[in-house]
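Sequence and predicted structure below; questions after.
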Amino acid sequence: MAADRRIVIENCAIATVDGHDTEYASGHVVLAGNRIESLGAGAAPGGLENVARRIDASGHLVTPGLINTHHHFYQWITRGLATDHNLFNWLVALYPTWARIDEPMVRAAAQGSLAMMARGGVTTAMDHHYVFPQGSGDLSGAIIGAARDMGVRFTLARGSMDRSEKDGGLPPDFAVETLDGALAATEETVRQHHDSSFDAMTQIAVAPCSPFSVSTELLRDGAQLARRLGVRLHTHGSETVEEEKFCHELFGMGPTDYFESTGWLGEDVWMAHCVHMNDSDIAAFARSGTGVAHCPSSNARLAAGIARVPDMLAAGVPVGLGVDGTASNESGELHTELRNALLINRLGGHREAALNARQALRLGTYGGAQVLGRAAETGSLEPGKLADLVLWKLDTLAHASIADPVTALVFGAAAPVTASFVNGRQIVEDGRLLTADEDAIARATRDEARRLARIAAEA
Ligand SMILES: Nc1nc2[nH]c(O)nc2c(=O)[nH]1
């Protein structure tokens, strides 16, 4: 068998985000095939064979690739709508449009979402897709295909909704699936697409949408299904005061107690938002190992509130970052969420050191790997882990006068990505995607957004 070809990256600052936060002011990283072979201070060891490429990364910081833990790709074609609404009003305004999506729309929207993230340093993406109109085609296949073509590592959280207005839920009756239909389709998606290997590029999670759009049976049966199939569980939780009120009125308890009563706390679960959590909710997450996808920009856009991330971290809760759907975070970028998480959490606790730059970088890398269940494989730069990493250019006008590279990355303007590698393959060069045509995607998403708006207006 041919030896793996090596790529040697030298003369760069390195933030490994390993268990000791090891950093090198000037060092090297050696990739062999799809793995990190070695890294350390100074130049790469002499005598390396099979070196396909040497990259002089002077002026750069190398970090693990960013990991996005919550998104709704289809929303790329419904951005900029209902801009002054809270969550419930925003959902009610948008459900009728979302219920008209079809496969070409979802494919284009997935390409747009993925392209935006990948060129900003995301190497592992996720999509929580929960709208499956009847006869709309193979939406899961289209999303998974888009991620495969983009070359990013990917988790599809196969979502579902079965509690509509007639059952006291928020979505209109025409926007939901049946309980049995949702469970069967979710199982089929796992069986067809889930890869449990160390270097898997595609994984599937079971992901009923939220307490106000899903029946108790779907939550309970979904949890059992995921555990039978050995995959992870994802949902929205404790996002707004309105959701809290809904849970108290319908179930006689708050969201976290409700989730616990349906089997939804555990090491194999992560939830988006978790804004309205009291001390006992945070303790329950920490005890059970339940993870959180923190989405600061979306929470601000929808006036949901500020999640207690410093308290969660202090309690030992795994926390990653999420862009969230781009109908509630139009920028669609994850690297800016590092800065937003840091700044917003300082406002939340009125504490000047609520989160520091290194904690923010950890949320966007290792924390994300933890909540997606992939911390053994990715999220930090360590020999043997997958070669998912980013070269951030910091000798720019925007950054060069900031001495500390991690501070420059997190506190400074969004840094240009000179190169991004996923599974040892380069997918971004000098801020441009190598795996997709950005201009073609821009045209397709514009056309599909217009087509969807037209169909929704005619309905
Ligand atoms: N931010 C969001 N929260 C949600 N809850 C729910 O049921 N759907 C959504 C969503 O699309 N975004």
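Arrived safely, thanks for sending.

Now do residue 40 against residue 341, distance only.
Distance from residue 40 to residue 341, counting by CB to CB, to the nearest Å: 29 Å. C-beta: built from backbone N, CA, C; applies to glycine.

for residue 408, that is, sorry about that
For residue 408, the distance to residue 341 - CB to CB - is 17 Å.

ditto for residue 157
Using CB to CB, we find residue 157 at a distance of 21 Å from residue 341.

what about residue 40 and residue 341, which has more around it?
residue 341 (25 against 16; other CB atoms under 10 Å).

Give the closest residue to the more buried one in space, chain neighbours not counted.
residue 296 (4.9 Å; CB to CB, 6 or more residues apart in numbering).

Just confirm residue 338 contacts residue 407, I think it does.
No. Applying CB atoms under 8 Å as the test, residue 338 and residue 407 come out as separate, 11.3 Å apart.

neighbour-wise, which of those two wins?
Between residue 338 and residue 407, residue 338 has the larger neighbour count (other CB under 10 Å), namely 27 against 14.

Which residue, neighbours along the chain excluded, lies closest to the more buried one?
residue 360 (4.5 Å).

Compute the number of surrounding residues for the one you found.
Neighbourhood size, residue 360 [other CB under 10 Å]: 25.

Could you do residue 353 as well?
9.

ok, it to the ligand distance?
Note on residue 353: its distance to the ligand, by CB to the nearest ligand atom, to the nearest Å, is 28 Å.

In three-state terms, how would that residue be classified?
coil (DSSP: H, G, I helix; E, B strand; the rest coil).

So that it lines up with my notes, have the first residue be 158 from now on.
Got it, the first residue is 158 from now on, which makes the last one we talked about residue 510.

And it, how far from residue 495?
Computed with CB to CB, the distance linking residue 510 and residue 495 is 16 Å.

Which one of the residues in the protein is closest to the ligand?
In the chain, the residue that lies nearest the ligand is residue 367 (3.4 Å; CB to the nearest ligand atom).

and that residue, how many residues sit next to it?
By the measure other CB under 10 Å, the count of residues near residue 367 is 26.

Which strand or helix spans it?
Residue 367 is located outside every helix and strand, with elements delineated by DSSP states H and E.

Wait, it touches residue 397, no?
No. Contact status for residue 367 versus residue 397: not in contact, 10.1 Å apart, counting by CB under 8 Å.

Just give me the neighbour total for the closest residue in space to residue 463 that isn't next to it in sequence.
Among residues not flanking residue 463 along the chain, residue 505 sits closest, at 3.4 Å (CB to CB, 6+ apart). Per other CB under 10 Å, the neighbour tally for residue 505 reads 20.

The one 3 residues further on now?
For residue 508, the neighbour count with other CB under 10 Å is 11.

Contact partners for it?
residue 467 (CB atoms under 8 Å, 6 or more residues apart in numbering).

Please settle this for me: is residue 264 part of a helix?
Yes. Using three-state DSSP, the assignment for residue 264 is a helix.

pLDDT value on it, please?
Listed pLDDT for residue 264 reads 98.

For burial, what's the neighbour tally of the closest residue to it other than its chain neighbours?
Nearest non-adjacent residue to residue 264, counting by CB to CB, 6+ apart: residue 299, 4.2 Å away. Residue 299: 23 surrounding residues under other CB under 10 Å.

now residue 313
Residue 313: 27 surrounding residues under other CB under 10 Å.

what's the answer for residue 539, then?
Residues within reach of residue 539, counting by other CB under 10 Å, total 16.

secondary structure class for it?
Three-state call for residue 539 (three-state DSSP): coil.

That one is in contact with residue 194, isn't it?
No. Look at residue 539 against residue 194 with CB under 8 Å: they stay out of range, at 10.8 Å.

sorry, back to before: for residue 275, see how far away the residue nearest to residue 495 is.
Taking CB to CB, one finds residue 517 at 20 Å from residue 275.

what's near enough to touch the nearest residue to residue 262 once chain neighbours are set aside?
Nearest residue to residue 262, sequence neighbours excluded (CB to CB, 6+ apart): residue 605, at 4.5 Å. Applying CB under 8 Å, 6+ apart to residue 605 gives the contacts 234, 261, 262, 265, 266.

go with 10 Å
231, 233-234, 258-259, 261-266, 268-269 (CB atoms under 10 Å, 6 or more residues apart in numbering).

Over to residue 502?
So residue 502 contacts 451, 453, 463-468, 470, 508, 511-512, 516-517, 520 (CB under 10 Å, 6+ apart).

ditto for residue 215
Going by CB under 10 Å, 6+ apart, residue 215 touches 167, 168, 169, 170, 183, 552.

do residue 602 as well
233, 234, 236, 262, 265, 266, 267, 268, 269, 270, 272, 273.

Shouldn't it be within a helix?
Yes. Residue 602: assigned to a helix according to three-state DSSP.

Look up the pLDDT of it for me, please.
98.

element containing the residue lying farthest from the centre of the chain?
The C-alpha centroid of the chain is most remote from residue 204, which lies 39.3 Å away (CA atoms, centre = their mean). Assigned by DSSP H and E, residue 204 belongs to no helix or strand.

mind listing the helices for the stretch 508-616 of the chain?
Using DSSP state H, counting those that start in this stretch, the helices of the stretch 508-616 of the chain run over residues 514-519, 525-528, 562-568, 595-615.

Throw those into TSV and include distance to residue 485, thanks.
Below are the helices of the stretch 508-616 of the chain laid out as TSV (distance: least, CB to CB, whole Å):
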stretch	distance to residue 485
helix 514-519	21
helix 525-528	19
helix 562-568	23
helix 595-615	16
